[in-house]
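Visitor: fold the following, please.
(one chain, ligands or ions: 1)
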Amino acid sequence: MLAARTSVFTESVIREMSRLAAEHGAVNLAQGYPDFPAPRAIKDAAIAAINADVNQYAITWGAKKLRDAIARKALAFNGIVAEPERDITVTCGATEAMMAVMLAIIEPGDEVIVFEPFYENYSPDAALAGAKLVYVPLVAPEYQFDPATLRAAFGPRTKAIVVNTPHNPTGRVFTRTELECIAALCREFNVLAITDEVYEHIIFDGRQHLSLAALPGMAENTVTISGFSKTFSITGWRLGYAIARPPWSVGLRKVHDFLTVGAPAPLQEAAAAALDFGPEIYAELRADYERKRSLLLEALQGAGFVCSVPEGAYYIMADIRQVTDLSDVDFAQYLIREIGVAPVPGSSFYNNPDLGRAYVRFTFSKSEATLAEAARRLPALRAGGGRRQLSAIATEGD
Ligand SMILES: Cc1ncc(COP(=O)(O)O)c(C=O)c1O
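Guide: The predicted structure follows:
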């Protein structure tokens, strides 16, 4: 028999959509990974590290060179003062960092607040750690939270709040006012903030990324999580990190040590080198993604979707009600099988699936050629006739 804790979550819907996309030859706009090359310089640095025989375990907390580079970046970019020997832990992606923190802090019955919709990993993370998630809605189409609702979510069992900005799946970038509201509640209720800032460099229209830990009084009670997957287009390298003061850093390091021992040693060397690349790499990343955002927005709007324009990250939540009467899950299947474009059903980002039934999520973390192919296929949605007819076709197909 499997342990009960594995029964409360299912296989990732996003990866399932990717598999279906491959099976049906659909353009995969489901899973958020780039299909274009990583920067030449980071690949060269990894190759050089392997050729220099950096083959053995790095220091468990991360290679010193990398932790030093992260400390410099955290100060310059995030406004966070971090002591590399004490506060920085390199992990196998932000994914491991989040799991390690949860395992390190949760006691049975503890509650963790998350904004809903949310990145699908948080639910299994909480389940494996034994936490109860408490959901605070980000209300479409602006995806803002109501401060009174947030306050009501804090209580005597609240251990932590997860704050993901720029936000997956909505593309929201929290404003200073919103972060100050969260910070004030964390201080008042003595709650740990766990931030997920993996999209910190993918941010549009001149916005600035703000880190919760940089707000007054927050450095001691925030675990800041980020990584290299998204910024350097290397999701398969599995490199992330957590910045936290003791006792949080002590706990998460203990868990990290026995979960994975450490992140890939030669790739840590390359990540350290990458943090010393000039600022133009980030400007280029933002400009590239801003262009891709326009391409996909135009294609989706042209096909009849109503879209919230993302402020950051690389996803678009599309309201499907003008296009179909189908539910998100049936429509996603239809889109993959009949139109040849794969999204993720909106319900997979909600605890209450009904809240996501009117949405599907598309990613624009793809080459312009891939996005152009999706744009070429999407008009078939309209060509297929009216929305009633579309429902009928999809039902027959099942
Ligand atoms: C919000 C968010 N956090 C974390 C991750 C995973 O990051 P990593 O590859 O560093 O584990 C993703 C990937 O899609 C994400 O969207």
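Visitor: state the number of residues packed around the residue of the chain found nearest the ligand.
Guide: For the chain, the residue closest to the ligand is Gly93, as judged by Cβ to the nearest ligand atom, at 2.6 Å. Backbone N, C-alpha and C define where each C-beta goes, glycine included. Residues within reach of Gly93, counting by other Cβ atoms under 10 Å, total 22.
Visitor: could you see whether the ligand lies near stretch 165-173?
Guide: Yes - judged by Cβ under 6 Å from any ligand atom, stretch 165-173 and the ligand are in contact via Asn168.
Visitor: to the chain's geometric centre, what's the distance from that stretch?
Guide: 8 Å (Cα atoms, centre = their mean, to the nearest Å).
Visitor: same question, stretch 165-185
Guide: Chain-centre distance of stretch 165-185: 14 Å, with Cα atoms, centre = their mean.
Visitor: returning to what we had before: quick check, the residue of the chain closest to the ligand in contact with Leu239.
Guide: Yes - Gly93 lies in contact with Leu239 (Cβ atoms under 8 Å); the separation is 6.6 Å.
Visitor: need the residues touching each of the two.
Guide: Residues touching both Gly93 and Leu239 (Cβ atoms under 8 Å, 6 or more residues apart in numbering) are 227, 229.
Visitor: and Asp44, how far from Val136?
Guide: 44 Å (Cβ to Cβ, to the nearest Å).
Visitor: typo on my end, it should be Val309
Guide: Taken as Cβ to Cβ, the span from Val309 to Val136 is 22 Å.
Visitor: contacts only, for the residue of the chain closest to the ligand.
Guide: With contact set as Cβ under 8 Å, 6+ apart, Gly93 has these partners: 227, 229, 238-240.
Visitor: among these, who's most crowded?
Guide: Most surrounded of the contacts of Gly93: other Cβ under 10 Å gives Gly227, at 30 neighbours.
Visitor: contacts for the longest helix belonging to the chain next, please.
Guide: Ranked by residue count, the top helix of the chain under DSSP state H comes out as helix 280-302. Under the criterion Cβ under 8 Å, 6+ apart, residues 29, 39, 201-205, 231, 307, 309-310, 314, 316, 318, 362, 364-366, 368, 371-372, 374-375, 378-379 lie in contact with helix 280-302.
Visitor: can you name the element that comes right after that helix?
Guide: Of the helices and strands lying after helix 280-302 in sequence (DSSP states H and E), the nearest is strand 306-307.
Visitor: sheet partners, orientation included, of that next one?
Guide: Strands that pair with strand 306-307, judged by DSSP bridges, come out as strand 315-319 (antiparallel).
Visitor: so the partner strand, near the ligand or not?
Guide: No - Strand 315-319 lies out of reach of the ligand by Cβ under 6 Å from any ligand atom, never closer than 8.1 Å.
Visitor: need the residues of the stretch 51-200 of the chain near the ligand, please.
Guide: For the stretch 51-200 of the chain, the residues in contact with the ligand (Cβ under 6 Å from any ligand atom) are 93-95, 119, 164, 168, 196, 198.
Visitor: adding pLDDT and secondary structure, write those residues out as TSV.
Guide: Formatted as TSV, those follow (pLDDT from 0 to 100; DSSP: H, G, I helix; E, B strand; the rest coil):
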residue	pLDDT	secondary structure
Gly93	98	helix
Ala94	98	helix
Thr95	98	helix
Tyr119	96	coil
Asn164	98	strand
Asn168	98	coil
Asp196	98	strand
Val198	98	coil
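Visitor: make a PyMOL selection of the buried ones in the residues you listed.
Guide: Only the buried members of those end up in this PyMOL selection, burial being decided by 16 or more other Cβ atoms under 10 Å:
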select buried, resi 93+94+95+119+164+168+196+198
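Visitor: quick one: the strands in the protein?
Guide: Ranges of strands within the chain are 27-28, 88-91, 111-116, 132-137, 158-164, 192-196, 222-227, 240-243, 306-307, 315-319, 341-342, 344-345, 359-363, based on DSSP state E.
Visitor: got any ranges where the stretch 101-250 of the chain has weak pLDDT?
Guide: Applying pLDDT under 70 to the stretch 101-250 of the chain flags no residue at all.
Visitor: can you pull out the helices in it?
Guide: Counting by DSSP state H, counting those that start in this stretch, the stretch 101-250 of the chain has these helices, from start to end: 122-129, 147-153, 176-189, 248-260.
Visitor: between Val309 and Val136, who's got more neighbours?
Guide: Using other Cβ under 10 Å, the more surrounded residue of Val309 and Val136 is Val136, with 20 against 13.
Visitor: averaged pLDDT, stretch 285-305. What do you get?
Guide: The predicted model gives stretch 285-305 an average pLDDT of 98.
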